[in-house]
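J.: Fold the following for me, if possible:
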Amino acid sequence: MRRPPLRAGERRTVEIVGLTHDAQGIARPDGFAVFVPGALPGETVEIVVEAVKASYAVARLARIVRASPERVAPPCPVYGRCGGCQLQPMTYAAQLAFKENAVRDALRRLGGFVDPPVLPIVGMREPWRYRNKAQLAVRRFGRRTEMGYYARKTHTLVPIDDCLLEASSGMAALRAARDAIRALGLPPYDEAHHEGLIRHLVVRTARTGEAMLVVVTNGPHLPDARRLAAAVRRAVPSVVSVVQNINPRRTNVILGEESRVIAGRETIEETLLGVRFRISARSFFQVNPEQTEALYRIVEEMAGLTGWETVIDAYAGVGTIALVLARKAAEVIGLEAVPEAVRDAEENARRNGIENARFLAGAAEDLLARFAEEGKTVDVVVVDPPRKGLDPKAVDAILRLRPRRLVYVSCNPSTLARDARLFAAGGFRLAAARPVDLFPQTVHVETVALFERDVNVI
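T.: Below you'll find the predicted structure:
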C-alpha cells in the first residue's frame, strides 16, 4: 500500500480543487486527498495537517494565500466555531451553484441517471433571518448558564446571543428566557451525568407576529414556571404561548413526547399560500415560510391536478401540502405519525373550510402498505420524508399503488437519488427535479422531484 505523502503537524501550501458534499475544500497534493474545512475551490491556501488516514487527510486552514473571487467575509461572529452555516464564506450565487450541482451529482452517481433533468435552483431574495424555528441547548459554561449551538461534530457548546438566520423576535424571546432562567437559578442540564433541569430552549415564530417559546426539561417539575413565562412575555409581548416539553430520556432527540402549556395558547398560527395553519410545540412545519411557499407552488404544479384526483400526502405534518393541494383535488389523504400533528391538521382543515381532506395517524409506510393491500385507487402520491429517505416498505407500497404521478420532496440529495433509482426500476420516469434553497448559508438543499408512471409497465 502506498504510504501517505503527508504527516500530522506538517504545514504545506496547496491548491483547492473542489468541495465535498458538506462544503469542505478538497486538495490533492501528490494525488492524495486532503479535506480542508473553510477553503473554497480555486484558492491557494496554507494548511496544517491534523490527521492522516490511509486514503485521505484532514487539515486546518491556516492562511489564505490567494482567495477565490467567490469568497466573502462571514458576518457571523461565531462562524467557524458554531456547527452551522458552512457556506457563509461564499457569495450567495456560488452557494446556489454548489447546491444545484450537489443534486445533479447525486442523481448521476447514486441514482444512475446519465443526464438527470435538474431544473435551475430557486433562491431567496434575502438569504438571512429566514428561520421561524430555533433550538438551542442550555448548559453550564464556566460559571454562567448559557444557550447556544454545538461546535461541529461535538457536544461542546458555543454560546450565542444572536443567530443571523433566525427571526429577530425569536432570538429576543430566547434571550429573555435565558435571562429568566439565570435570575430564577434554574439548573441547566448536565449531559454527561444526566442531571440538571433545563435541556433546551425552542422558539417558533410566524409571519402573523406570534411566537411560541418551548422550555425542554429533564423531568416534569419546573419550579417557578409561571414566573419564567411571565418574564418572557413581559420582555417580548409577541410570545403568545409558553410551553414546557418534558424529555427525561438519555437521547440526542430534543423534544420529548409530553408537552404542557404554562401560559397563553397551545398553538400559534401561520399562513401559507392563503391557507391558515395551527402549529403546536411538536408539530413539523417548514422553517422558511417564504421558500416553503415557492416549494409548494412547485409541488402543486408537478402534481398536475385537475379536480378529479385522489391524492395521498405521506409525512403530512400539520397538513400544509395536503391542504394546499385539496383546493384542486377530489380527495386528499394525509398520513402522519405524530398524533398532535394529525390533530393540528384536522383543525387546520376545519378552520379553512376544507372538507375534502382527511388525516390518518400512523407510520407512512404502514398506511401506504395497507392501501396497497386494499387495492385503493390513487392518482397522485406526494412524499416528504425525513433525511433518511423512504422506508423500503413505503417504496414497495407506492410501486404497488401505481399512482400516475409521484411528487417527492427531499431534504437529502443522496437518499433522493437512492430512492429515485428504485422508482425508475419499478416503472417510473424521473421527469424533473427542481432544487429549492430553503436553508441559505448551509449545505442543506430541498428538492422537488416528479416521477411519472410508464403506462406501458403493468
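J.: from what I can see A372 touches L401, true?
T.: Yes - with contact defined as CB atoms under 8 Å, A372 and L401 form a contacting pair (5.2 Å). Using the backbone N, CA and C atoms, a C-beta is placed for each residue, glycine as well.
J.: Which one's more surrounded, these two?
T.: L401 (21 against 18; other CB atoms under 10 Å).
J.: How about the contacts made by the more buried one?
T.: I312, L368, F371, A372, K376, V378, V381 (CB atoms under 8 Å, 6 or more residues apart in numbering).
J.: Just the residues you listed: which are in strands?
T.: I312, V381 (DSSP state E).
J.: Confirm that V232 sits in a helix.
T.: Yes - counting by DSSP: H, G, I helix; E, B strand; the rest coil, V232 falls inside a helix.
J.: pLDDT below threshold where in the protein?
T.: Counting by pLDDT under 70, the chain has low-confidence residues at 1-2, 455-458.
J.: Can you tell me what sits against the helix or strand harbouring F451?
T.: Following DSSP states H and E, one finds F451 within strand 446-453. With contact meaning CB under 8 Å, 6+ apart, strand 446-453 is reached by 103, 291, 295, 298-299, 302, 402-411, 413, 416, 420, 423-424, 427-439.
J.: Can you go through the residues you listed and name the buried ones?
T.: Buried members of the contacts of strand 446-453, scored by 16 or more other CB atoms under 10 Å, are 103, 291, 295, 298-299, 302, 402-403, 405-411, 413, 416, 420, 423-424, 427-428, 430, 432-439.
J.: domains in this structure, as residue ranges please.
T.: Split into domains by automatic domain parsing, the chain comes to 11-66, 99-124+288-453, 133-268.
J.: Looking at these, which is nearest to C76?
T.: Closest of the domains of the chain to C76 is domain 133-268, at 5.4 Å (criterion: CB to CB).
J.: Just the endpoints, please. Distance across that closest one?
T.: With CA to CA, to the nearest Å applied, domain 133-268 spans 12 Å between its terminal residues.
J.: so Q291 sits in a helix?
T.: Yes - counting by three-state DSSP, Q291 is found in a helix.
J.: how near is it to Q95?
T.: Q291 sits 13 Å away from Q95 when distances are taken as CB to CB, to the nearest Å.
J.: mind checking which helix or strand Y150 is in?
T.: strand 144-150.
J.: For the following helix or strand past that strand, which strands pair with it and how are they oriented?
T.: Later in the chain than strand 144-150, the nearest helix or strand by DSSP H and E is strand 157-159. Counting by DSSP bridges, the strands paired with strand 157-159 are strand 144-150 (antiparallel).
J.: So which residues make contact with the strand it pairs with?
T.: 82-84, 136-141, 156-160, 163, 174, 178, 181-182, 186, 188, 198, 201.
J.: In helices, which of the residues you listed fall?
T.: L174, R178, I181, R182 (DSSP state H).
J.: Take the residues you listed and write them to CSV, including distance to R327.
T.: Output for the ones in helices among the contacts of strand 144-150, formatted as CSV (distance: CB to CB, whole Å):
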residue, distance to R327
L174, 36
R178, 42
I181, 44
R182, 48
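J.: most neighbours, which of those?
T.: Going by other CB under 10 Å, L174 tops the ones in helices among the contacts of strand 144-150 with 27 neighbours.
J.: Name all residues that make contact with that one.
T.: Counted by CB under 8 Å, 6+ apart, L174 has contacts A134, L136, M147, L201, V203, L213.
J.: Can you tell me the closest non-neighbouring residue to the second one?
T.: This means L136. The shortest distance from L136 to any non-neighbouring residue, by CB to CB, 6 or more residues apart in numbering, is to M147 (4.2 Å).
J.: One more: the fifth one?
T.: Beyond its immediate neighbours in the sequence, the residue positioned closest to V203 (CB to CB, 6+ apart) is G170, lying 4.2 Å away.
J.: any idea how far S280 is from P339?
T.: In terms of CB to CB, S280 sits 11 Å off from P339.
J.: Same drill for those two, tell me which one is more crowded.
T.: S280 (24 against 12).
J.: Name the nearest residue to that one, sequence neighbours excluded.
T.: That would be T267: by CB to CB, 6+ apart, it lies 4.9 Å from S280.
J.: What of E10?
T.: Closest to E10 by CB to CB, 6+ apart is V49, at 4.6 Å.
J.: helices or strands next to the helix or strand containing that neighbour in the packing?
T.: Using DSSP H and E, the element containing V49 is strand 44-52. Counting by 3 or more CB pairs under 8 Å, 6 or more residues apart in numbering; DSSP states H and E, the packing neighbours recorded for strand 44-52 are strand 11-19, strand 24-27, strand 33-37, strand 56-66.
J.: and it, which strands flank it?
T.: Strand 44-52 has these strand partners (DSSP bridges): strand 11-19 (antiparallel), strand 56-66 (antiparallel).
J.: would you list these in a markdown table and tack on mean neighbour count and distance to I333?
T.: Formatted as a markdown table, the strands paired with strand 44-52 follow (neighbours: other CB atoms under 10 Å; distance: least, CB to CB, whole Å):
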| stretch | mean neighbour count | distance to I333 |
| --- | --- | --- |
| strand 11-19 | 17 | 41 |
| strand 56-66 | 16 | 47 |
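J.: Between those strands, which one is closest to T208.
T.: Nearest of these (CB to CB): strand 11-19, 38.5 Å.
J.: what angle do that closest one and strand 33-37 make?
T.: Relative orientation of strand 11-19 and strand 33-37, computed by axes from the mean of the first three to the mean of the last three CA atoms, to 10 degrees: 90 degrees.
J.: Mind exporting the C-alpha coordinates of strand 11-19 to CSV?
T.: Provided in CSV are the C-alpha atoms of strand 11-19 (Å, rounded to 0.1, in the frame of the first residue of the first chain):
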residue,chain,number,x,y,z
ARG,A,11,2.4,22.7,7.2
ARG,A,12,2.0,22.9,3.4
THR,A,13,0.7,25.2,0.7
VAL,A,14,-1.9,23.5,-1.6
GLU,A,15,-4.4,24.3,-4.3
ILE,A,16,-8.1,23.7,-3.6
VAL,A,17,-9.7,21.8,-6.5
GLY,A,18,-13.2,21.1,-5.3
LEU,A,19,-15.8,20.8,-2.5
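J.: what's in contact with that strand?
T.: 6, 25-29, 34, 36, 39-49, 62, 65, 68, 98.
J.: can I get the CA coordinates of stretch 94-113 in PDB?
T.: The C-alpha trace of stretch 94-113 is given here as PDB (Å, rounded to 0.1, in the frame of the first residue of the first chain):
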ATOM      1  CA  ALA A  94     -21.900  30.500  -5.500                       C
ATOM      2  CA  GLN A  95     -23.900  28.800  -2.800                       C
ATOM      3  CA  LEU A  96     -26.800  28.300  -5.200                       C
ATOM      4  CA  ALA A  97     -24.500  26.800  -7.900                       C
ATOM      5  CA  PHE A  98     -23.000  24.400  -5.300                       C
ATOM      6  CA  LYS A  99     -26.400  23.200  -4.200                       C
ATOM      7  CA  GLU A 100     -27.800  22.700  -7.700                       C
ATOM      8  CA  ASN A 101     -24.600  20.800  -8.600                       C
ATOM      9  CA  ALA A 102     -25.000  18.600  -5.500                       C
ATOM     10  CA  VAL A 103     -28.400  17.500  -6.600                       C
ATOM     11  CA  ARG A 104     -27.300  16.800 -10.100                       C
ATOM     12  CA  ASP A 105     -24.200  14.900  -9.000                       C
ATOM     13  CA  ALA A 106     -26.100  12.700  -6.500                       C
ATOM     14  CA  LEU A 107     -28.600  11.700  -9.200                       C
ATOM     15  CA  ARG A 108     -25.800  10.800 -11.500                       C
ATOM     16  CA  ARG A 109     -23.500   9.000  -9.100                       C
ATOM     17  CA  LEU A 110     -26.100   7.300  -6.800                       C
ATOM     18  CA  GLY A 111     -29.200   7.300  -8.900                       C
ATOM     19  CA  GLY A 112     -27.600   6.100 -12.200                       C
ATOM     20  CA  PHE A 113     -29.200   8.900 -14.300                       C
END
